[in-house]
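Novice: Predicted coordinates and the sequence they were generated for:
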Amino acid sequence: MIPYGRQNITEADISAVVEVLQSTWLTQGPGIAEFERTVAKACQASHGVAVCNATSALHIACLALGVGPGDLVWTSPNTFVASANCARYCGADVDFVDIDPATLNLCTSKLALKLKAARDAGRLPKVVIPVHFAGRSCDMQAIAALAKEYGFAIIEDASHAVGASYQGVPVGACHYSDITVFSFHPVKIITTAEGGLLTTNNTALAKRLARLRSHGIAQGPEQLVSEPAGAWEYQQVELGFNYRMTNLQAALGVSQMARLDAFIARRRQLVRQYHTLLADLPVVRPQACEASAWHLYPIRVPAERRLEVFNTLRAAGIWVQVHYIPVHTQPYYRALGFGPGDFPEAERYFSEAFSLPLFYELTDEQQLHVVNTLREALR
């Protein structure tokens, strides 16, 4: 079987994890801070805060920015449900902004129109969460300009975009956002088995994120509310969570980060090859973008043929996948008042799309087999 995505694990990765297993630090330990520094440096950000997964990162990002009951958070409907659920965890309301059919990211012109209407109605979002779908950055400069005009904070959901860049600067530098969130699930660009990380240039935000990931316990003397009675004392100063990454995961992450450039280079090479190999087929290829990290390679076929072609590829052992069912059409969100027809570009894309295999170890021969099988399925 050829999956749509898969991790690459080397002897160096295994050795890094074994070294931690043989140490005294299995859960919390110095490797976590090293991983945070490694990712923050690669992103040109001031701070990195590692957590157990990207969903928890999105949750505490919302909390750190003060999202709560009565607030409103906007995101893209073309994403995994976690991008919206994080606001619901905080008791906030959620709405969506339809996508640009070319980039498949949140559409900035639609965002501008929706913001104007929201201001007129007196109901502006507190936070907007642009999602860098498939590894391509949203137009963050335009979104940041709107944030300045309308007064909302920005969380970049860069779960797909480790190693991507925007305007020549790494995604995660937070030049146009308050916080950026990354995912290290095994199908992502690098993996920590499970894990996530937040970058920010705001020291106060970084300290609060670190506190929220660990039960809300004070993370230094300056955060204590009273003089400690002894060295044993810890103080919970707010309600937090157990969202910590382990030292084992961090060791794997540091080892993986050493190959980030190689991972991105191979993905971009495979994408260029896909673009060429698919040029004569009746499919819509994703828009070229050399700055993308290319977590996914989504194509579009006529909606009436999507299921047939999808099933033919899977029957041939090519495990294509659909990314994503629009969030607003999920039963939970339909119960909140959303429904089909609300965000037509996201729905149209979903009805036609599936992702072809794309990962570091995918060979040229396997890629050619995928394309040839797709060619036969489309006949």
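Specialist: Nice, thanks for sending it over. Numbering: from 1, shown residues only.
Novice: Correct me if wrong: Leu26 contacts Met245.
Specialist: No. Leu26 is beyond contact range of Met245, at 12.0 Å (criterion: CB atoms under 8 Å). (C-beta placed from N, C-alpha, C; glycine too.)
Novice: which one of the two has more residues nearby?
Specialist: Met245 (28 against 11; other CB atoms under 10 Å).
Novice: could you list every residue that touches the more buried one?
Specialist: Ile32, Phe35, Ala50, Val51, Cys52, Thr192, Gly195, Gly196, Leu197 (CB atoms under 8 Å, 6 or more residues apart in numbering).
Novice: can you do 7 Å?
Specialist: Ile32, Ala50, Val51, Cys52, Thr192, Gly195 (CB atoms under 7 Å, 6 or more residues apart in numbering).
Novice: Could you do Gly172 as well?
Specialist: Counting by CB under 7 Å, 6+ apart, the residues that Gly172 touches are Cys43, Ala45, Ala158, Thr180, Phe182, Thr199.
Novice: and if you look at Ala82?
Specialist: By CB under 7 Å, 6+ apart, the neighbours of Ala82 are Ala54, Thr55, Leu58.
Novice: Using CSV, please lay out those residues together with neighbour count, pLDDT and secondary structure.
Specialist: Below are the contacts of Ala82 laid out as CSV (neighbours: other CB atoms under 10 Å; pLDDT from 0 to 100; DSSP: H, G, I helix; E, B strand; the rest coil):
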residue, neighbour count, pLDDT, secondary structure
Ala54, 28, 98, helix
Thr55, 21, 98, helix
Leu58, 28, 99, helix
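Novice: Where do the helices of the stretch 51-200 of the chain begin and end?
Specialist: Here the stretch 51-200 of the chain has its helices, by DSSP state H, counting those that start in this stretch, at 54-64, 82-89, 108-121, 140-150.
Novice: Next, the buried residues of stretch 292-303.
Specialist: Ser292, Ala293, Trp294, His295, Leu296, Tyr297, Pro298, Ile299, Arg300, Val301 (16 or more other CB atoms under 10 Å).
Novice: My guess is Ser137 contacts Ala173. True?
Specialist: No. Using CB atoms under 7 Å, Ser137 is not in contact with Ala173, being 10.7 Å away.
Novice: the more surrounded of the two?
Specialist: Neighbours per residue, other CB under 10 Å: of Ser137 and Ala173, the larger number sits with Ser137, 26 against 22.
Novice: so who does the nearest residue in space to Asp178 that is not next to it in sequence touch?
Specialist: Take Asp178 and drop its neighbours on the chain: the residue closest to it by CB to CB, 6 or more residues apart in numbering is Ala153, 4.8 Å away. Residues in contact with Ala153, defined by CB under 7 Å, 6+ apart, are Leu65, Lys126, Val127, Asp178.
Novice: Give me the domain ranges for this protein.
Specialist: 2-257, 260-378 (automatic domain parsing).
Novice: Quick check: which of these is buried the most?
Specialist: domain 2-257 (a mean of 20; mean count of other CB atoms under 10 Å).
Novice: can you give me how far that one is from the chain middle?
Specialist: 8 Å (CA atoms, centre = their mean, to the nearest Å).
Novice: Can you give me the end-to-end span of that domain?
Specialist: 24 Å (CA to CA, to the nearest Å).
Novice: you'd agree Val371 is up against Ala279?
Specialist: No. The criterion here is CB under 7 Å, and Val371 misses it with Ala279 at 10.4 Å.
Novice: So for the helix of greatest length in the chain, mean pLDDT?
Specialist: Scanning the chain for the helix with the most residues, using DSSP state H, yields helix 260-277. Mean pLDDT, computed over helix 260-277, is 98.
Novice: ok, Phe152 to Ile143 distance?
Specialist: From Phe152 over to Ile143 the distance is 9 Å, taken as CB to CB, to the nearest Å.
Novice: Between these two, which contacts overlap?
Specialist: With CB under 7 Å, 6+ apart as the test, Phe152 and Ile143 both reach Val128.
Novice: ok so, going back, redo the contacts of Ala153 as a markdown table? Include pLDDT.
Specialist: Shown next, in a markdown table, are the contacts of Ala153 (pLDDT from 0 to 100):
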| residue | pLDDT |
| --- | --- |
| Leu65 | 98 |
| Lys126 | 98 |
| Val127 | 99 |
| Asp178 | 99 |
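Novice: Could you dump the residues you listed into JSON lines and include distance to Asp364?
Specialist: Output for these, formatted as JSON lines (distance: CB to CB, whole Å):
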{"residue": "Leu65", "distance to Asp364": "45"}
{"residue": "Lys126", "distance to Asp364": "48"}
{"residue": "Val127", "distance to Asp364": "43"}
{"residue": "Asp178", "distance to Asp364": "42"}
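Novice: farthest-separated two in those residues?
Specialist: The span of the contacts of Ala153, defined through CB to CB, is set by Lys126 and Asp178 at 11.4 Å.
Novice: Test my guess that Leu111 contacts Asp98.
Specialist: No. Contact criterion CB under 7 Å: Leu111 and Asp98 do not qualify, at 9.1 Å.
Novice: contacting residues for the nearest residue to Cys138 once chain neighbours are set aside?
Specialist: Spatial nearest neighbour of Cys138, chain neighbours left out: Pro130 (4.0 Å); criterion: CB to CB, 6+ apart. Pro130 makes contact with Ser76, Asn105, Leu106, Cys138, Met140, Ile143, Ile154, Glu156, Asp157, according to CB under 7 Å, 6+ apart.
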